[in-house]
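Q: Predicted coordinates and the sequence they were generated for:
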Amino acid sequence: MIIRIIKMLLVGLATAFVAVTSHADTKLQFALDWKFEGPSAPYFLAIDNGHFKAAGMEVEISPGKGSLDAIPKVATGAFPLGFADINSLIKFLDQNPGAPVTAVMMVYDKPPFAVIGRKSLGVNGPGDLEGSVLGAPPPDGAWAQFPAFAKANGIDIDKIKVEPVGFPTREPMLAEGKVDSVTGFSFSSYLNLVRLGVPEDDITTILMADHGLQLYGNAVIANTDFAKSNPDIVKKFLSAVGSGWKDAIKSPKTAAAALVKRNPAADAALEQRRLQLAINANVLTDYVKVNGMGRIDKDRFALAIKQLGETYDYKTAPDAKLYFTNAYLPDGGILLQ
């Protein structure tokens with residue numbers, strides 16, 4: 001059904017992927033997976049610092065409601081480019097064979113999937129989760145990876161009371177002690193708790209990548225039909241994104257200011273810190289410092305696909321080539337320092 005819809009939409013959207021005139025910049029739409037918060041600041045900084053303009057592009061960035069929102073937007077051609085969790089992308093492609101979407105640039109070398117708990121409620125590490133109450137939004141990316149995390153750490157999920165919660169109520173419920181921990185992105189849930197008045201020394205952040213998960217995180221994704229027809233545009237877009245991240249790493253304060261221009265209700269200091277947490281834990285890893293941003297390690301990716309299969313039943317044999325390509329990245333990746 002999805003593929004049939006995709007094919008119908010592609011006919012009508014074939015000329016709407018990109019708007020170009022002889023005297024104007026290429027106009028592109030970029031779909032984020034979440035609302036405008038600190039980790040999205042580098043893309044706005046790429047606009048403000050002229051990186052997209054220098055590449056002959058005018059980029060419009062749209063917020064999202066999760067990876068399961070962003071991926072179909074790109075797969076149907078509504079957006080030529082987007083940002084989403086690669087594990088959700090793998091599952092989407094398994095469930096929708098032939099969908100024209102793939103990852104073209106890894107951004108979160110270490111995924112932010114985490115369990116965030118409170119020490120005062122008895123959660124200090126993975127071993128404390130059995131017998132506790134865990135708040136988990138059903139569409140949450142971290143919750144989707146929780147079974148693999150639990151298996152890697154010998155945790156019996158049946159001994160955990162899982163409380164379905166909404167995204168808006170997730171951290172408030174933990175702050176109020178109605179749950180002992182929640183699943184979420186490490187940088188967002190942590191700072192949301194701080195904003196709600198939870199003492200920082202009472203917060204436990206259990207990053208799944210530090211406890212057995214080999215998975216990658218969020219990546220820039222592209223509609224493959226668009227990318228094949230416009231390879232130079234995709235290459236220039238990714239280079240500009242890399243420049244935005246490089247600028248953000250150099251000056252998180254400037255990046256946060258670029259974000260607040262688009263989201264005036266945001267707290268600049270809070271979003272700067274959220275961005276810095278993402279840079280430190282998820283983006284500027286030891287691997288990226290050596291190999292640059294964007295590329296992946298093939299052996300690790302093979303392990304990640306296998307580990308994903310421990311808690312997800314693939315409908316077809318997984319094929320790494322369908323999920324990621326470095327064809328649009330510069331040789332050696334994008335150096336951030």
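A: Thanks, I have it.

Q: Quick check: which helices or strands does the strand or helix carrying Ala70 pack against?
A: If you go by DSSP states H and E, Ala70 is part of helix 67-75. Judged by 3 or more C-beta pairs under 8 Å, 6 or more residues apart in numbering; DSSP states H and E, the packing partners of helix 67-75 are helix 2-13, strand 26-31, strand 81-85, helix 86-95, strand 101-106, strand 218-223. No exception for glycine: its C-beta is placed from N, CA and C like everyone else's.

Q: same for the fifth one, what does it pack against?
A: Contact here means 3+ C-beta pairs under 8 Å, 6+ apart; on that basis strand 101-106 packs against helix 67-75, helix 86-95, strand 218-223, helix 224-229, helix 231-250, helix 320-323.

Q: Contacts made by the last one with the rest, please.
A: Outside of helix 320-323, the residues within contact range by C-beta atoms under 8 Å, 6 or more residues apart in numbering are Ile86, Leu89, Ile90, Leu93, Thr102, Ala103, Lys298, Phe301, Ala302, Ile305.

Q: And that helix, what's buried?
A: Neighbour counts using 16 or more other C-beta atoms under 10 Å place Leu322, Tyr323 of helix 320-323 among the buried residues.

Q: Could you do the second one as well?
A: Residues Ile86, Asn87, Ser88, Leu89, Ile90, Lys91, Phe92, Leu93, Asp94 are the ones in helix 86-95 that count as buried (16+ other C-beta under 10 Å).

Q: Least confident of the helices and strands packed on helix 67-75, on average?
A: By mean pLDDT, the lowest-scoring of the helices and strands packed on helix 67-75 turns out to be helix 2-13, with a mean of 45.

Q: how about Pro42, what does it touch?
A: Applying C-beta under 8 Å, 6+ apart, the residues contacting Pro42 are Val241, Gly244, Trp245, Asp247, Ala248, Ala255, Leu275.

Q: Output those residues in TSV, with neighbour count, distance to Gly122 and pLDDT appended to each entry.
A: Below are the contacts of Pro42 laid out as TSV (neighbours: other C-beta atoms under 10 Å; distance: C-beta to C-beta, whole Å; pLDDT from 0 to 100):
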residue	neighbour count	distance to Gly122	pLDDT
Val241	25	42	98
Gly244	23	41	98
Trp245	25	38	98
Asp247	21	42	98
Ala248	31	37	98
Ala255	31	37	98
Leu275	25	31	97
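
Q: Tell me which two of the residues you listed sit farthest apart.
A: Largest separation among the contacts of Pro42 by C-beta to C-beta: Val241 and Leu275, giving 14.8 Å.

Q: right, and Ile157 touches Ala150 too?
A: Yes - Ile157 lies in contact with Ala150 (C-beta atoms under 8 Å); the separation is 5.2 Å.

Q: Take the helices and strands packed on strand 101-106 and lay them out in CSV including distance to Thr205.
A: CSV is the format used below for the helices and strands packed on strand 101-106 (distance: least, C-beta to C-beta, whole Å):
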stretch, distance to Thr205
helix 67-75, 21
helix 86-95, 20
strand 218-223, 18
helix 224-229, 36
helix 231-250, 21
helix 320-323, 28
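
Q: In the contacts of helix 320-323, find the pair that's most separated.
A: Leu93 and Lys298 (17.9 Å).
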